[in-house]
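1. Fold the following, please.
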Amino acid sequence: MTEQDAALEMLVERLRWPVKMVRWKAAKAIRSLLLNDKTRMATTKTLLAWTAARQLESEVTSGLSVLVVSPRQVLPPFGDIEASINAPSMASDFFLYEMYGVRTDRWRSAHSGSVPADFSAESYFHEHQTAQVPPILKNELEYLEERTRLPFLRQWGFEWTTLRERLRVGYTRYPTYFGDFGLQREGIIGQFIQRQGELYRSAYQRTLACAVEEWNVPFRAVAPFSAYGMPVLPDLFEVEPTPRPAWLPQIGAAAFDGKDLESVARDLFSHEPEDDFQTVLMRIPLDQSFDEFGELELAAYFVDDGFELDENQILHSSWQMLQLDRYQFDMVRPSLEQRKQPGKSGTALSVCCDEQPTIHGYWHDEYYQRGLSLPAPYCFQHFTLQQARADGIHISIGKEEVGSAAIWHDAWTPVYAPNSATRCGTITRIRRSQLASAAARLGRKVGWFVRLSRMEKPEGSYDRSPKDVSAFFHL
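-> Residues are numbered from 1 along each chain as shown. Down below sits the predicted model:
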């Protein structure tokens, strides 16, 4: 093996790294090699060999994810990819259809048969089914079970047990090597993909296959649920972290010295460049030396005259969520109902909404957790088109850009506090004329909600605990 071959194998193996962001970055690097005429053949050979060695359905989709976001002209022949899939699933068939317009239906035999009547999953399965993988998998199987009266949850446990015994997979728990016990005791953890996580995801896919083949559930009724096994979302895959805005100062202890939240926010806005766009949302990690897990959020809201926050009230832009139901991110945005949050007096309507694709790609979870926030559709009188590019997400009306969102990494780590996300900074902007028109059309004013989230250590305590303080003001 040459040094180049060894490096390539190490890169592809990063598709199994426990940190989702590493998998995403590795996939980008592999795709760049596929796009290069000089490295395409060797990279394709290594990627297909790696995929062929995978014994779990979810790991196969990781290998295919690199190809599904690659241009059609660099893909290998269909037969070569099909031959590399030794753990087929509905999810991998979906990828093949996306790339070639062909389905194999090999997933129909990829299950362990119907769960025996006397089967009972061991306690580990139940204790870790929402820790090793997101609760959505259990929730969707519960939904299918309620609708069909078939044992989807027990089948999931049966498939998990069968895989664990056949592959001799150990019982993995929280990966302490990505932090320390003190952080975990304080609730500072991260979301990691471990071997058991792959087992749960694969058992989920096998459960869906069993439902179609053994229980005669119509394929069209089950197929949409396989989408929760997709690691990537096309278009969003292209987004890269941008540099921190040059005008944005570091936010350390000095920024709060003798100042209230309103003063801190006004000082930040005084640094904003004078152009055609207004910042309507910022989520800013605090300086590491001040609070490694703290953040400052500034978010614009359309409010009634005399709006006031209730005592200790926290406004959430995620209150407004735009669900996208296609396997892509670039699209015309649907309309969104206005959901107003009541305060002590009056109501507040978020200028921004969080974009949440139903088929979202779990490698992007850190960004979803942070919030993919864009000016809400009701800010505009016309439908807007959203597009993900390397420098962030942009929305436009025709050829005119009317809003954007960018993400930067600020001494990023995969761990986070219970009242914040990983150290990703975000900034969302809207064209000033559109913001003014929206406020007038809605008959509201624009006000600012400010939230400071910290992990504070109370006097006499050894452990930090989350604390949020907030304020509201008009510019």
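2. Send me the longest strand anywhere in the chain as PDB with only the CA atoms.
-> In the chain, with assignment by DSSP state E, the single longest strand is strand 445-456. Provided in PDB are the C-alpha atoms of strand 445-456 (Å, rounded to 0.1, in the frame of the first residue of the first chain):
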ATOM      1  CA  LYS A 445     -43.200  47.800  15.600                       C
ATOM      2  CA  VAL A 446     -39.800  46.000  15.500                       C
ATOM      3  CA  GLY A 447     -38.400  45.300  19.000                       C
ATOM      4  CA  TRP A 448     -35.400  43.300  20.200                       C
ATOM      5  CA  PHE A 449     -35.200  40.400  22.500                       C
ATOM      6  CA  VAL A 450     -31.900  39.800  24.200                       C
ATOM      7  CA  ARG A 451     -30.900  36.600  26.000                       C
ATOM      8  CA  LEU A 452     -27.700  35.800  27.900                       C
ATOM      9  CA  SER A 453     -27.200  32.100  28.600                       C
ATOM     10  CA  ARG A 454     -24.400  31.100  30.900                       C
ATOM     11  CA  MET A 455     -23.200  28.200  33.000                       C
ATOM     12  CA  GLU A 456     -22.700  29.800  36.400                       C
END
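3. Going by neighbour count, list what's buried in that strand.
-> The neighbour-count check on strand 445-456 (16 or more other Cβ atoms under 10 Å) flags 445-455 as buried. Where C-beta positions appear, they are placed from N, C-alpha and C, glycine not excepted.
4. tell me what the helix or strand following it is packed against?
-> For strand 445-456, the following helix or strand on the C-terminal side (DSSP states H and E) is strand 465-473. Here strand 465-473 touches helix 261-269, strand 445-456, going by 3 or more Cβ pairs under 8 Å, 6 or more residues apart in numbering; DSSP states H and E.
5. picking that back up, averaged over its residues, what pLDDT does the longest strand of the chain have?
-> The average pLDDT for strand 445-456 rounds to 94.
6. Provide the strand pairings for it, with the direction of each partner.
-> In the sheet, strand 445-456 lines up against strand 295-303 (antiparallel), strand 465-473 (antiparallel) (DSSP bridges).
7. and for the last one, what are the contacting residues?
-> Contacts of strand 465-473 with the rest of the structure, by Cβ atoms under 8 Å, 6 or more residues apart in numbering, involve 186-187, 260-262, 265-266, 307-309, 312-315, 343, 417-419, 447-458.
8. that older thread, I'd like the buried residues of strand 445-456 laid out as a markdown table, including distance to residue 12.
-> Converted to a markdown table, those look like this (distance: Cβ to Cβ, whole Å):
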| residue | distance to residue 12 |
| --- | --- |
| 445 | 54 |
| 446 | 49 |
| 447 | 50 |
| 448 | 47 |
| 449 | 45 |
| 450 | 45 |
| 451 | 41 |
| 452 | 42 |
| 453 | 38 |
| 454 | 40 |
| 455 | 37 |
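9. Could you point out which of those residues is nearest to residue 108?
-> The nearest member of the buried residues of strand 445-456 to residue 108, counting by Cβ to Cβ, is residue 453 at 48.3 Å.
10. mind listing the strands for the stretch 251-400 of the chain?
-> Assigned by DSSP state E, counting those that start in this stretch, the stretch 251-400 of the chain shows strands spanning 277-285, 295-303, 321-324, 331-332, 341-342, 347-350, 352-357, 373-375, 385-389, 392-397, 400-409.
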